[in-house]
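>>> got a sequence here, can you build the structure:
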Amino acid sequence: MFFWRVSTFLDNLKAFLPKTHEALEALAKVIGKKTYERHLRATYPKLENISVDYAILENATRQEGTPRVFVIPADVGWSDIGSWAAVYELLAKQPGENVLAGRGLALDATGNFLYSPGKFVAAIGVRDLIVVETPDAILIVPRDRAQDVAKIVKSLEERKLNKLL
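Predicted coordinates:
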């Protein structure tokens, strides 16, 4: 978990990801205006796809002089909801439970996360799947491979199918 002042984050963003900083500064000027969503949709795909860990923290720790990054142990009950499998783990009340976010029915099925706000989902005889329906796509992946969704994202970006992301 990262804690910092907004000014510190923005200063480091400017130093280590200047194009992203510039894009976000431009986007900030239209927050609250009718054109914000259009600008956001145009800006987001152009941002560099890199985590804060690599882009800022690693670079900040390499700088000479007084340390700028500190690690403080804490037990705060944090769970990084960075994948659909993590969402399942957060929502499942007991091991093997099917979690349905939307209308559905699971028969002879265990450990599935079924997210479909628009359609009824019927699952029979399947286990440990993530199924996510959006208006224009359906994701189906074994829970233990949920991190591989990044591979699909990269492939869609390479094929210029960003509208599906």
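>>> which other helices and strands contact the least confident helix or strand in the chain by mean pLDDT?
Lowest on mean pLDDT, DSSP states H and E among the helices and strands of the chain sits helix 58-62, with a mean of 83. Judged by 3 or more CB pairs under 8 Å, 6 or more residues apart in numbering; DSSP states H and E, helix 58-62 is in contact with helix 6-16. C-beta: built from backbone N, CA, C; applies to glycine.
>>> can you map out the strands along this structure?
For the chain, the strands defined by DSSP state E cover 99-107, 113-124, 129-134, 137-142.
>>> pick the most buried one from the ones you listed.
strand 129-134 (a mean of 19; mean count of other CB atoms under 10 Å).
>>> and that strand, average pLDDT?
Mean pLDDT, computed over strand 129-134, is 94.
>>> please apply the same query to stretch 85-104.
93.
>>> buried residues, it. List them.
In terms of neighbour count (16 or more other CB atoms under 10 Å), stretch 85-104 has its buried residues at 85, 87, 88, 98, 99, 100, 101, 104.
>>> just the CA atoms of it, as PDB, please.
Extracted in PDB, the C-alpha atoms of stretch 85-104 (Å, rounded to 0.1, in the frame of the first residue of the first chain):
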ATOM      1  CA  ALA A  85      -9.700 -14.000  -8.700                       C
ATOM      2  CA  ALA A  86      -9.000 -11.500  -6.000                       C
ATOM      3  CA  VAL A  87     -12.500 -10.200  -6.300                       C
ATOM      4  CA  TYR A  88     -13.800 -13.800  -5.900                       C
ATOM      5  CA  GLU A  89     -11.600 -14.300  -2.800                       C
ATOM      6  CA  LEU A  90     -12.900 -11.100  -1.300                       C
ATOM      7  CA  LEU A  91     -16.600 -12.000  -1.900                       C
ATOM      8  CA  ALA A  92     -16.600 -15.700  -1.300                       C
ATOM      9  CA  LYS A  93     -17.800 -16.500   2.300                       C
ATOM     10  CA  GLN A  94     -16.500 -20.100   2.200                       C
ATOM     11  CA  PRO A  95     -14.100 -22.100   0.100                       C
ATOM     12  CA  GLY A  96     -15.700 -23.500  -3.100                       C
ATOM     13  CA  GLU A  97     -18.700 -21.100  -3.000                       C
ATOM     14  CA  ASN A  98     -20.100 -19.800  -6.300                       C
ATOM     15  CA  VAL A  99     -20.200 -16.000  -6.300                       C
ATOM     16  CA  LEU A 100     -22.900 -14.600  -8.600                       C
ATOM     17  CA  ALA A 101     -22.800 -10.900  -9.300                       C
ATOM     18  CA  GLY A 102     -26.100 -10.600 -11.200                       C
ATOM     19  CA  ARG A 103     -28.900 -13.100 -11.800                       C
ATOM     20  CA  GLY A 104     -27.900 -16.700 -12.300                       C
END
